[in-house]
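**Q** I need the structure of the sequence given here:
(one chain, ligands or ions: 2)
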Amino acid sequence: MNLKYSFQISIVFDNKCVEEGFLPGFGFSALIYDFSTENYLLFDTGGNSRTLLHNINKLKVDISSIKKVIISHNHGDHAGGLEGIYKLNPNIEIYVPLANLAPYKKAFSESKVHGISELTIIGKNLYSSGQFGQHSIKEQALFLRTKNNEIIITVGCAHPGLEKFIIEAQKLGKILAIIGGFHGFDKFSYLNGINLIGACHCTQHIKSIREQFPNQYQRICVGNSFSF
Ligand SMILES: [Zn+2]
Ligand SMILES: [Zn+2]
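**A** Numbering: from 1, shown residues only. Ligands and ions are numbered 1, 2, ... in the order given. Model prediction:
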(Lines give C-alpha, C1' and ligand atoms only; values in the text may rest on other atoms or scores of the structure.)
(Ligands and ions follow the chains in the order given, each with its own letter.)
Protein backbone atom coordinates (compact mmCIF):
# COMPACT_ATOMS: atom_id res chain seq x y z
CA MET A 1 0.00 0.00 0.00
CA ASN A 2 1.20 3.48 -0.82
CA LEU A 3 1.68 5.34 2.46
CA LYS A 4 2.11 8.78 0.99
CA TYR A 5 -0.99 9.16 -1.17
CA SER A 6 -4.69 8.45 -0.77
CA PHE A 7 -5.97 8.99 -4.32
CA GLN A 8 -4.70 9.64 -7.81
CA ILE A 9 -7.00 11.51 -10.18
CA SER A 10 -6.38 11.17 -13.93
CA ILE A 11 -8.30 13.26 -16.42
CA VAL A 12 -9.67 11.01 -19.17
CA PHE A 13 -12.19 13.29 -20.89
CA ASP A 14 -12.21 17.03 -21.44
CA ASN A 15 -12.68 19.51 -24.24
CA LYS A 16 -10.22 22.22 -23.24
CA CYS A 17 -6.77 20.68 -23.27
CA VAL A 18 -5.28 17.31 -24.25
CA GLU A 19 -1.82 15.76 -23.83
CA GLU A 20 -0.22 13.98 -26.78
CA GLY A 21 -1.66 10.57 -27.57
CA PHE A 22 -4.97 11.26 -25.84
CA LEU A 23 -8.20 12.25 -27.57
CA PRO A 24 -10.28 15.36 -26.86
CA GLY A 25 -14.05 15.37 -26.62
CA PHE A 26 -16.81 17.53 -25.26
CA GLY A 27 -17.55 16.46 -21.71
CA PHE A 28 -15.72 15.48 -18.57
CA SER A 29 -14.46 12.31 -16.91
CA ALA A 30 -11.92 11.61 -14.18
CA LEU A 31 -10.48 8.18 -13.40
CA ILE A 32 -9.64 7.86 -9.73
CA TYR A 33 -7.26 5.34 -8.21
CA ASP A 34 -7.89 4.57 -4.56
CA PHE A 35 -4.57 3.59 -2.98
CA SER A 36 -6.27 2.04 0.07
CA THR A 37 -8.44 -0.46 -1.87
CA GLU A 38 -6.27 -0.57 -5.04
CA ASN A 39 -9.45 -0.12 -7.08
CA TYR A 40 -10.49 2.45 -9.62
CA LEU A 41 -13.62 4.53 -9.74
CA LEU A 42 -14.81 6.69 -12.57
CA PHE A 43 -16.41 10.08 -12.05
CA ASP A 44 -18.50 10.85 -15.15
CA THR A 45 -17.87 9.22 -18.50
CA GLY A 46 -17.51 12.04 -21.04
CA GLY A 47 -19.52 12.35 -24.23
CA ASN A 48 -18.78 9.03 -25.96
CA SER A 49 -17.38 5.57 -25.30
CA ARG A 50 -14.79 5.52 -28.06
CA THR A 51 -12.87 8.55 -26.79
CA LEU A 52 -13.24 7.51 -23.16
CA LEU A 53 -11.99 3.96 -23.74
CA HIS A 54 -9.09 5.23 -25.84
CA ASN A 55 -7.97 7.55 -23.05
CA ILE A 56 -8.35 4.98 -20.26
CA ASN A 57 -6.53 2.43 -22.40
CA LYS A 58 -3.71 4.93 -22.93
CA LEU A 59 -3.24 4.98 -19.14
CA LYS A 60 -3.00 1.16 -19.26
CA VAL A 61 -5.90 0.74 -16.86
CA ASP A 62 -8.00 -2.41 -17.23
CA ILE A 63 -11.74 -1.61 -17.41
CA SER A 64 -12.41 -4.61 -15.13
CA SER A 65 -10.54 -2.84 -12.32
CA ILE A 66 -13.13 -0.02 -12.32
CA LYS A 67 -15.55 -0.85 -9.49
CA LYS A 68 -17.76 2.23 -9.22
CA VAL A 69 -19.01 4.80 -11.73
CA ILE A 70 -20.49 8.06 -10.44
CA ILE A 71 -22.61 10.01 -12.92
CA SER A 72 -22.83 13.65 -11.83
CA HIS A 73 -25.92 14.43 -13.89
CA ASN A 74 -27.90 13.14 -16.80
CA HIS A 75 -26.33 15.18 -19.61
CA GLY A 76 -24.81 13.45 -22.62
CA ASP A 77 -21.38 14.99 -22.15
CA HIS A 78 -21.12 13.27 -18.72
CA ALA A 79 -23.09 10.05 -19.20
CA GLY A 80 -22.33 9.35 -22.89
CA GLY A 81 -19.43 6.96 -22.27
CA LEU A 82 -21.17 4.84 -19.64
CA GLU A 83 -22.52 2.36 -22.15
CA GLY A 84 -19.02 1.46 -23.35
CA ILE A 85 -17.80 0.84 -19.80
CA TYR A 86 -20.92 -1.20 -18.98
CA LYS A 87 -20.54 -3.40 -22.04
CA LEU A 88 -16.99 -4.34 -21.00
CA ASN A 89 -17.68 -4.52 -17.26
CA PRO A 90 -21.32 -4.84 -16.13
CA ASN A 91 -20.07 -5.62 -12.61
CA ILE A 92 -19.70 -1.89 -11.90
CA GLU A 93 -21.83 -0.19 -9.30
CA ILE A 94 -23.42 2.96 -10.76
CA TYR A 95 -24.37 6.02 -8.69
CA VAL A 96 -26.80 8.56 -10.16
CA PRO A 97 -28.93 11.37 -8.72
CA LEU A 98 -32.10 9.81 -7.31
CA ALA A 99 -34.17 11.77 -9.86
CA ASN A 100 -32.56 9.69 -12.63
CA LEU A 101 -32.68 6.26 -10.99
CA ALA A 102 -35.44 4.59 -13.03
CA PRO A 103 -34.03 5.02 -16.57
CA TYR A 104 -30.51 4.04 -15.46
CA LYS A 105 -31.79 0.93 -13.68
CA LYS A 106 -33.53 -0.06 -16.89
CA ALA A 107 -30.64 0.71 -19.24
CA PHE A 108 -27.93 -0.85 -17.01
CA SER A 109 -29.94 -3.73 -15.57
CA GLU A 110 -26.94 -6.02 -14.97
CA SER A 111 -25.27 -3.46 -12.71
CA LYS A 112 -26.21 -2.36 -9.23
CA VAL A 113 -27.59 1.16 -9.69
CA HIS A 114 -27.92 3.49 -6.69
CA GLY A 115 -30.00 6.68 -6.62
CA ILE A 116 -28.53 9.29 -4.29
CA SER A 117 -30.55 12.01 -2.58
CA GLU A 118 -28.59 13.21 0.48
CA LEU A 119 -24.89 13.36 1.43
CA THR A 120 -24.05 9.63 1.36
CA ILE A 121 -21.06 7.41 2.10
CA ILE A 122 -20.53 5.30 -1.03
CA GLY A 123 -17.30 3.63 0.11
CA LYS A 124 -14.48 4.10 2.58
CA ASN A 125 -13.54 7.80 2.38
CA LEU A 126 -15.87 8.24 -0.62
CA TYR A 127 -19.00 10.39 -0.52
CA SER A 128 -21.68 11.62 -2.85
CA SER A 129 -22.74 15.18 -2.11
CA GLY A 130 -26.38 14.20 -2.62
CA GLN A 131 -28.43 15.64 -5.46
CA PHE A 132 -28.80 19.39 -5.80
CA GLY A 133 -30.57 21.64 -8.28
CA GLN A 134 -33.87 22.08 -10.07
CA HIS A 135 -35.95 19.04 -10.84
CA SER A 136 -35.14 19.26 -14.55
CA ILE A 137 -31.45 18.71 -13.84
CA LYS A 138 -30.32 17.20 -10.55
CA GLU A 139 -26.59 16.91 -9.99
CA GLN A 140 -24.23 15.28 -7.49
CA ALA A 141 -20.52 15.81 -6.86
CA LEU A 142 -18.01 13.27 -5.51
CA PHE A 143 -16.04 13.93 -2.32
CA LEU A 144 -12.85 12.01 -1.53
CA ARG A 145 -11.39 12.14 1.95
CA THR A 146 -7.60 11.84 2.20
CA LYS A 147 -5.74 10.20 5.06
CA ASN A 148 -5.09 13.75 6.39
CA ASN A 149 -8.87 14.25 6.56
CA GLU A 150 -8.86 16.77 3.75
CA ILE A 151 -11.53 16.73 1.05
CA ILE A 152 -11.14 16.61 -2.72
CA ILE A 153 -14.21 17.56 -4.76
CA THR A 154 -14.76 16.33 -8.31
CA VAL A 155 -17.63 18.09 -10.02
CA GLY A 156 -19.29 17.63 -13.42
CA CYS A 157 -20.89 20.87 -14.62
CA ALA A 158 -21.94 22.45 -11.30
CA HIS A 159 -25.33 23.45 -12.75
CA PRO A 160 -26.86 23.97 -9.26
CA GLY A 161 -24.03 26.40 -8.34
CA LEU A 162 -20.56 25.25 -7.34
CA GLU A 163 -20.92 26.83 -3.90
CA LYS A 164 -23.65 24.29 -3.02
CA PHE A 165 -21.10 21.47 -3.33
CA ILE A 166 -18.38 23.44 -1.53
CA ILE A 167 -20.68 24.15 1.43
CA GLU A 168 -21.68 20.47 1.62
CA ALA A 169 -18.06 19.27 1.43
CA GLN A 170 -17.03 21.65 4.21
CA LYS A 171 -19.21 19.57 6.56
CA LEU A 172 -16.68 16.76 6.14
CA GLY A 173 -13.42 18.68 6.45
CA LYS A 174 -11.11 21.26 4.93
CA ILE A 175 -11.21 21.30 1.12
CA LEU A 176 -7.84 20.53 -0.43
CA ALA A 177 -8.74 20.48 -4.13
CA ILE A 178 -11.61 20.93 -6.53
CA ILE A 179 -11.53 19.60 -10.10
CA GLY A 180 -14.13 19.73 -12.88
CA GLY A 181 -16.58 22.03 -14.61
CA PHE A 182 -17.56 25.18 -12.72
CA HIS A 183 -20.11 26.43 -15.30
CA GLY A 184 -21.03 30.10 -14.65
CA PHE A 185 -19.66 30.14 -11.09
CA ASP A 186 -18.47 33.60 -10.06
CA LYS A 187 -18.73 33.64 -6.24
CA PHE A 188 -14.98 33.33 -6.08
CA SER A 189 -14.69 33.91 -2.31
CA TYR A 190 -15.83 30.29 -1.83
CA LEU A 191 -12.53 29.18 -3.40
CA ASN A 192 -10.41 30.89 -0.73
CA GLY A 193 -8.16 28.42 1.08
CA ILE A 194 -8.45 25.63 -1.51
CA ASN A 195 -4.93 24.52 -2.52
CA LEU A 196 -5.70 23.25 -6.03
CA ILE A 197 -8.40 24.77 -8.22
CA GLY A 198 -8.71 22.66 -11.37
CA ALA A 199 -11.42 24.47 -13.31
CA CYS A 200 -12.00 22.91 -16.73
CA HIS A 201 -14.72 21.59 -19.10
CA CYS A 202 -17.62 24.10 -18.98
CA THR A 203 -16.03 26.75 -16.72
CA GLN A 204 -16.96 30.16 -18.13
CA HIS A 205 -14.77 32.34 -15.90
CA ILE A 206 -11.48 30.45 -16.15
CA LYS A 207 -9.54 33.65 -16.90
CA SER A 208 -10.84 35.41 -13.78
CA ILE A 209 -10.18 32.34 -11.62
CA ARG A 210 -6.63 32.06 -12.98
CA GLU A 211 -6.02 35.75 -12.30
CA GLN A 212 -7.49 35.76 -8.80
CA PHE A 213 -5.86 32.49 -7.71
CA PRO A 214 -2.56 32.36 -9.63
CA ASN A 215 -0.94 29.93 -7.18
CA GLN A 216 -3.92 27.62 -6.71
CA TYR A 217 -5.25 27.52 -10.28
CA GLN A 218 -4.22 24.33 -12.07
CA ARG A 219 -4.53 23.81 -15.80
CA ILE A 220 -6.32 20.51 -16.43
CA CYS A 221 -5.54 18.44 -19.52
CA VAL A 222 -6.65 14.98 -20.62
CA GLY A 223 -3.79 12.66 -19.65
CA ASN A 224 -2.77 14.64 -16.53
CA SER A 225 -2.70 12.87 -13.16
CA PHE A 226 -2.78 14.45 -9.72
CA SER A 227 -1.93 12.56 -6.52
CA PHE A 228 -3.21 13.58 -3.11
ZN1 LIG B 1 -24.39 19.55 -17.85
ZN1 LIG C 1 -20.98 19.31 -19.00
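**Q** Get me the contact residues on this structure for ligand 1.
**A** Residues of the chain that fall close to ligand 1, judged by C-beta under 5 Å from the ion: 75, 157. Glycine gets a C-beta too; all of them are placed from N, C-alpha and C.
**Q** neighbours around residue 133, how many?
**A** 18 (other C-beta atoms under 10 Å).
**Q** Residue 51 versus that one, what's the distance?
**A** Look at residue 133 and residue 51: by C-beta to C-beta, to the nearest Å, they are 26 Å apart.
**Q** need the contact list for residue 56.
**A** Applying C-beta atoms under 8 Å, 6 or more residues apart in numbering, one finds that residue 56 lies in contact with 12, 31, 63.
**Q** pretty sure it belongs to a helix, no?
**A** Yes - Residue 56: assigned to a helix according to DSSP: H, G, I helix; E, B strand; the rest coil.
**Q** shift numbering so it begins at 28
**A** Okay, using 28 as the starting number, the last item reads as residue 83.
**Q** Mind checking what secondary structure the closest residue to residue 159 other than its chain neighbours has?
**A** Among residues not flanking residue 159 along the chain, residue 187 sits closest, at 3.9 Å (C-beta to C-beta, 6 or more residues apart in numbering). Under three-state DSSP, the three-state class of residue 187 is coil.
**Q** which residues of this structure fall in strands?
**A** All strands of the chain, identified by DSSP state E, fall at 34-40, 56-61, 66-70, 93-97, 120-124, 139-143, 147-150, 153-155, 169-172, 177-182, 201-208, 223-227, 252-254.
**Q** Including mean neighbour count and mean pLDDT, could those go into TSV?
**A** Output for the strands of the chain, formatted as TSV (neighbours: other C-beta atoms under 10 Å; pLDDT from 0 to 100):
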stretch	mean neighbour count	mean pLDDT
strand 34-40	25	98
strand 56-61	24	98
strand 66-70	23	98
strand 93-97	22	98
strand 120-124	23	98
strand 139-143	19	98
strand 147-150	15	98
strand 153-155	22	98
strand 169-172	24	98
strand 177-182	25	98
strand 201-208	24	98
strand 223-227	24	97
strand 252-254	15	98
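**Q** Looking at the ones you listed, which is nearest to ligand 2?
**A** For these, proximity to ligand 2 was assessed by C-beta to the ion; strand 201-208 is nearest, at 5.3 Å.
**Q** Tell me which of the strands of the chain sits nearest to residue 106.
**A** When the strands of the chain are compared by C-beta to C-beta, strand 120-124 sits nearest residue 106, at 8.3 Å.
**Q** and that closest one, which strands flank it?
**A** With DSSP bridges as the criterion, the sheet partners recorded for strand 120-124 are strand 93-97 (parallel), strand 139-143 (parallel).
**Q** who touches it?
**A** Taking C-beta under 8 Å, 6+ apart as the rule, strand 120-124 contacts 94-98, 100-101, 109, 113, 131, 135, 138-144, 149, 155, 158, 165-167.
**Q** what does stretch 238-251 give?
**A** 37-41, 43-51, 82, 85-86, 206, 215, 218, 221-227, 236-237, 253.
**Q** what about residue 98, neighbour count?
**A** Residue 98 is surrounded by 24 other residues when neighbours are defined as other C-beta under 10 Å.
**Q** Next: residue 145.
**A** The burial metric for residue 145, expressed as a neighbour count using other C-beta under 10 Å, is 10.
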